[in-house]
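Quick one, fold the following:
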Amino acid sequence: MKKPSGYTKGKPNQVCKLLKSLYGLKQASRQWNSKLTSSLIAFGFIQSKSDYSLFTKHEGDSFIALLIYVDDFLVASNSNDSIASLRTFLNNKFKIKDLGCLHYFLGLEIARSSKGIHICQRKYALDILADSGMLGCKPLKLPMDQHFKISKSEGTPLLDPSIFRRLIGRLLYLTITRPNICFVVQLLSQFMDQPSSSHLAAAYRILRYIKTAPAQGLLLPSSSQLQLTAYCDSDWASCPDSRRSTTRYCVFLGQSLISWKTKKQTVVSRSSAEAEYRSMAATSSELTWLRYLLHDFGVSHPQAAILYCDNQAALHIAGNPVFHERTKHIELDCHLIRDKIQEGSLTTAHVSSQAQLADTFTKALPSYLLQAHLSKMGIVNYYSPFCGGVLTDIDQD
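Just a heads-up that it's a prediction; the model follows:
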């Protein structure tokens, strides 16, 4: 590296020998992010306030979006000239390597066809099976038994808990394209501090379920309406240790599943209506954030988002602004959904328990109901389960 300003030792043509890589410094990531951000803004990009890793640029009729993960970039645009201009700029500034059309990114496998875009993690799933010694296991139809209840006191503590922690960590990353295992993985992740043999057995059961269809993933249809729709649900006092409820929701843009979450609530709900109401408030926050994100992409969504809930009491609390005894103990931030309904950005609707798609993230379902929900959410498997074949209508080039 060049000698710093003010350093006069040595001969004029000498340089400094770098003893430590810049990647090893604590401030390296922050400096890299600052350098990259300032360069893109100077080139005309606008950094999103909804997602700081997203940069967008409007120039006439052309639009280009840049998504960043450390030093890996995803670029999407309606203009080839805009992509070529950005490629030239980045190459002159940072010396990049262009990998062409998107097929593989951070463990995600992307295939395109006339039906839409399919995203899966087949190679990542097979690597988990191989590393765990479960590649030859017998497949299962369900990731978790319907009547199985798990708590901290079950089983004997593991002598080496790192095996369980490593496996759950990898399964958490697999939920990016496998929302059907989101519930059970979230349940097992609560026992990372002191896992037992029963917890590890439940994790291995998930692997046997993954073996059934390792290439299962999301299908984003090419023809779909731009309408935000959400399903929310909760499992009241489902945790046997803390008696806290669990919030679950899934959000669709048209027919495409774009967001889902399973999370234990921070407080103990006194009734099932309160637990459902907290779940509705969390879902409304997610819908608000998604509207901001659509605005950054230049997508207009003037109509109200639709929120489906299967609890009539929670729907009445959300629609009735009257303060009464049943809601006086609920925190004020939970009443966010009332404000969204009154301003017209959100409407609520009742859905039957049999048609509640969020049940996939709430409880262990029978196989027939699980498959029905997965088909409605666009969870498909384009590869044959074991031979690795692929359907002919998928473009892999």
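
going forward, measure contacts and count neighbours with C-alpha atoms only.
Noted.

In stretch 256-270, which residues are buried?
The neighbour-count check on stretch 256-270 (16 or more other CA atoms under 10 Å) flags 256-257, 259-265, 268-269 as buried.

meant to ask about stretch 204-213
For stretch 204-213, by 16+ other CA under 10 Å, it's 204-213.

Now pLDDT and distance to Thr360 too, for these, in a markdown table please.
Putting the buried residues of stretch 204-213 into a markdown table (pLDDT from 0 to 100; distance: CA to CA, whole Å) gives the following:
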| residue | pLDDT | distance to Thr360 |
| --- | --- | --- |
| Tyr204 | 91 | 20 |
| Arg205 | 90 | 17 |
| Ile206 | 90 | 15 |
| Leu207 | 90 | 18 |
| Arg208 | 90 | 18 |
| Tyr209 | 88 | 15 |
| Ile210 | 89 | 16 |
| Lys211 | 89 | 19 |
| Thr212 | 86 | 18 |
| Ala213 | 84 | 17 |
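
Just give me the closest of the residues you listed to Leu370.
Tyr209 (12.6 Å; CA to CA).

How many neighbouring residues does Ala314 have?
20 (other CA atoms under 10 Å).

what's the answer for Lys3, then?
15.

for it, helix, strand, or coil?
What DSSP: H, G, I helix; E, B strand; the rest coil gives for Lys3 is coil.

Repeat that for the one 3 residues further on.
Taken by three-state DSSP, the conformation at Gly6 corresponds to coil.

hang on, the earlier thing: what is the nearest of the buried residues of stretch 256-270 to Ile64?
So of the buried residues of stretch 256-270, ranked by how close each gets to Ile64 (CA to CA), first place is Ser256, at 21.7 Å.

Surely that closest one and Pro221 touch.
Yes - between Ser256 and Pro221 a contact is recorded at 6.5 Å, counting by CA atoms under 8 Å.

ok so, going back, go through the buried residues of stretch 204-213 and flag which are in helices.
204-212 (DSSP state H).

Mind putting these into TSV with distance to Ser367?
Output for these, formatted as TSV (distance: CA to CA, whole Å):
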residue	distance to Ser367
Tyr204	18
Arg205	15
Ile206	14
Leu207	16
Arg208	15
Tyr209	11
Ile210	14
Lys211	16
Thr212	13
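
right, and the pair among the residues you listed with maximum separation?
Pairwise across those, and taking CA to CA, the largest span is found between Tyr204 and Thr212, at 13.2 Å.

Can you list the buried residues in the helix or strand where Leu374 lies?
Counting by DSSP states H and E, the element that carries Leu374 is helix 367-376. Buried residues in helix 367-376, counted by 16+ other CA under 10 Å: 370-371, 373-374.

so which of these comes closest to His147?
Leu370 (15.0 Å).

May I have the residues that are in contact with the closest one?
The contact partners of Leu370, by CA atoms under 8 Å, 6 or more residues apart in numbering, come to Thr360.
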